[in-house]
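**Q** Next comes the sequence, and after it the predicted model I'd like to discuss.
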Amino acid sequence: MEMARRDLMASSVAALVTAAAPAIARAASTGGFPKGFLWGAATAGHQVEGNKINADQWLLETVKPALPQSPSGDACNSFELWRTDLDIARDLNFNAYRFSVEWPRIEPEEGMFSVAMLDHYRAIARGCRERGLAPVITLCHFTTPRWFAARGGWTSDAAPPLFARYCEKVIRHLGEDVAYVATLNEPNNALLLQSVLPEQFWLALRASLAACTKATGGSHFTVGNTVLPEDVEAVTRNMLDGHRLAKAAIKAVRPDLPVGVTLAVLDDQASGKDSLREAMRERFYGAWLRAARDDDFVGVQNYERAVWGAKGKLPAPESAPKNYSGAEIYPASLANAVRYVHEVTGKPILVTEHGVGTPDDRKRAALIPAALQHLDAVMAAGVPVLGYIHWSLLDNYEWGGSRDAEFGLVAVDRQTFARSLKPSATVLAAIARKNSV
C-alpha cells in the first residue's frame, strides 16, 4: 500500500512538471555557464525526513519548555519519499542534489553504527546517480546524536575524534557513490547568531537546554545550530578541529573525493567612515576562511546583505522587497559573497545554498534569475564557481517551527505529503536546461 502511494505520487509529480512547463523538458545544456556546471537544490535530513527521535534537536523540540514554535514531527516524510524527491530534481533538469547523511540515525548510541541506515543513505546516493544527479552530501547538517549532545556536544574536546570516526564510517560505506562532501553545515553559524538573536531568545534557549540536560541526565546539553554565547569559543575551536580530522579521515578512504565546508556568508558592505565591516568579517568568517584554504572547495550559503556603519548594521531600505522576517531581498548579495570568499581563500566555490524564505513565490521567481545574472558576471570576471544549489527543494521544516518561512521550490502538504511545483521551480528548471540565464 505504501509502495503504491509512493509510485502514485512520483507519477503525479512527473505529470505536474509536464503540465506546468512543457518548455523545461530535458535537453542538452548549452549557454553561458561552463559545461558541467552543477544545477540543483538542497535538503537537510532533520528538516525533511521526519521522526528523527535520536537527534539533539528532536529533544529540544519536545521538552517542556520547548524552544521552537512547533516540533518537526513527520516533516516532509522524505525518509520514505526520497525517491519522489529525486524524481522531482531530475524532472526539473537538475544534475546535482545536496542532502545530509544523518549522524543521529547512523550512530544512535555511541559506538553503535547502523548498517541499515548506512545502506539507506547509500541508496539515496545511488538513486541520485541513476537519475543523473551528482550526490553532494553534508555529513553534519547541524543535528547531532542525543548522546553526543548530552555530553556537551561540540563544547567537549572529545567531539572532534568522535565526529571523524563517524565520517570515516560513512565514507567507507558509501563514499564511492558521492561527488562532493561537506563536513559541516554553516559551523560559523554560532558566531553569526550572536549579533542577530534578541536577549529573550537566549533566555528561552537556556530554559530549554536545562530541560534537555535534566531529561538526559547529562551535565551540559548543547545543540548544533543554536549555541549559547559562553559556548561559542569552545564550539568553534572543536568544530575547526573536527573539520580537519574529518577531512583527513575522508581522504584516507578516498583521496580523490573533493572535501570542503559550507559557510553562511553575508554580503557585507561598508558605509561611511570607520565602518565595522572588516571587524565583522573577521569575527564571522576569519578562522573558517583561513581553514578553508586547505580544502578542495568552499560551500557558500548566502541569503542577505549587511551594510555596516561605524556603530553597527544599518536598516534595510524601506522600499526594498523583504522576506518573511522583514530582511531585504538583494539579488547581488550571492555574487558579492562568492567573490569575497574566493578572494580570501583562493578556492573554487560551490553555491550550496541560496534562496529566500517567503510565502510569496513571485519574489523567489524574480530573485533566481536576477541573482544568477550577477553570479554569471563574477564568473566571467574569473571567479571559479562549480555550481548553484538552491535552498530548498521542498518547503521543509524550519528550525524555529515557523510556517511562514517557506524556502521551497516545491510546496508540501503536511497531511498527505503531496508535492506541488511552484512557478519558481519552472524558472530555475528552464535556466538549468539552457545552462544560461
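**A** Received the coordinates, thanks.
**Q** so Val378 sits right up against Ala335, yeah?
**A** Yes. The pair Val378 / Ala335 is scored as a contact, 4.6 Å apart, by Cβ atoms under 8 Å. No exception for glycine: its C-beta is placed from N, CA and C like everyone else's.
**Q** What pLDDT is listed against Leu193?
**A** Looking at Leu193, its pLDDT reads 92.
**Q** same question but for Leu245, I mixed them up
**A** Note for Leu245: predicted pLDDT of 98.
**Q** Repeat that for Val17.
**A** Per-residue pLDDT puts Val17 at 44.
**Q** Likewise for Ala370?
**A** In this model, Ala370 is scored at 98, pLDDT.
**Q** From what I see, it and Tyr330 are in contact.
**A** No. Contact criterion Cβ under 8 Å: Ala370 and Tyr330 do not qualify, at 9.6 Å.
**Q** okay, these two: which has more neighbours?
**A** Under the criterion of other Cβ atoms under 10 Å, the comparison of Ala370 against Tyr330 puts Tyr330 first, with 24 against 15.
**Q** could you list every residue that touches that one?
**A** Residues in contact with Tyr330 (Cβ atoms under 8 Å, 6 or more residues apart in numbering) are 267, 304-305, 320.
**Q** Three-state assignment for Tyr388, please.
**A** Classification of Tyr388 by DSSP: H, G, I helix; E, B strand; the rest coil places it in strand.
**Q** Any idea what it is bridged to?
**A** Legend: beta-bridge partners of Tyr388 under DSSP bridges are Trp39, Val351.
**Q** who touches it in this structure?
**A** Applying Cβ under 8 Å, 6+ apart, we find Tyr388 in contact with 37-40, 351, 354, 372, 375.
**Q** Also Asn323?
**A** By Cβ under 8 Å, 6+ apart, Asn323 lies in contact with 303, 329, 356-358, 363.
**Q** What confidence value was assigned to it?
**A** Asn323 is assigned 95 on the pLDDT scale.
**Q** That one and Ser219: what is the separation?
**A** 39 Å (Cβ to Cβ, to the nearest Å).
**Q** got it, and Asn435?
**A** For Asn435, the distance to Ser219 - Cβ to Cβ - is 53 Å.
**Q** who has more neighbours, these two?
**A** Asn435 (20 against 10).
**Q** any idea how far Asp256 is from the more buried one?
**A** Distance, Asn435 to Asp256, by Cβ to Cβ: 26 Å.
**Q** got it, and Asp177?
**A** According to Cβ to Cβ, Asp177 stands 13 Å off from Asp256.
**Q** Looking at these two, which is more packed in?
**A** With neighbours defined as other Cβ under 10 Å, Asp177 and Asp256 compare such that Asp177 has more, 17 against 6.
**Q** Now do that one against Ser420, distance only.
**A** 30 Å.
**Q** so is Ser219 in a helix, a strand, or just coil?
**A** Secondary structure, three-state DSSP: Ser219 is coil.
**Q** before we move on, the earlier item: Ala66: which of the contacts of Tyr388 is nearest?
**A** Closest approach to Ala66 among the contacts of Tyr388 (Cβ to Cβ): His354, at 30.1 Å.
**Q** For Pro317, see how far away the spatially closest residue to that closest one that is not a sequence neighbour is.
**A** Once flanking residues are discounted, His354 sits nearest to Leu334: 5.0 Å by Cβ to Cβ, 6 or more residues apart in numbering. In this view, Leu334 and Pro317 are 18 Å apart by Cβ to Cβ.
**Q** Who wins on neighbours among the contacts of Tyr330?
**A** Neighbour counts for those peak at Arg305, which has 22 neighbours (criterion: other Cβ under 10 Å).
**Q** where does the closest residue in space to that one that isn't next to it in sequence land on pLDDT?
**A** Nearest non-adjacent residue to Arg305, counting by Cβ to Cβ, 6+ apart: Asp267, 3.7 Å away. pLDDT recorded at Asp267 is 98.
**Q** swap in Leu8?
**A** 41.
**Q** sorry, back to before: how about the residue nearest to Arg305, phi and psi?
**A** phi -90, psi 90 (degrees, to the nearest 10).
**Q** Help me confirm that it comes into contact with Val341.
**A** No. Under the criterion of Cβ under 8 Å, Asp267 makes no contact with Val341, lying 10.9 Å away.
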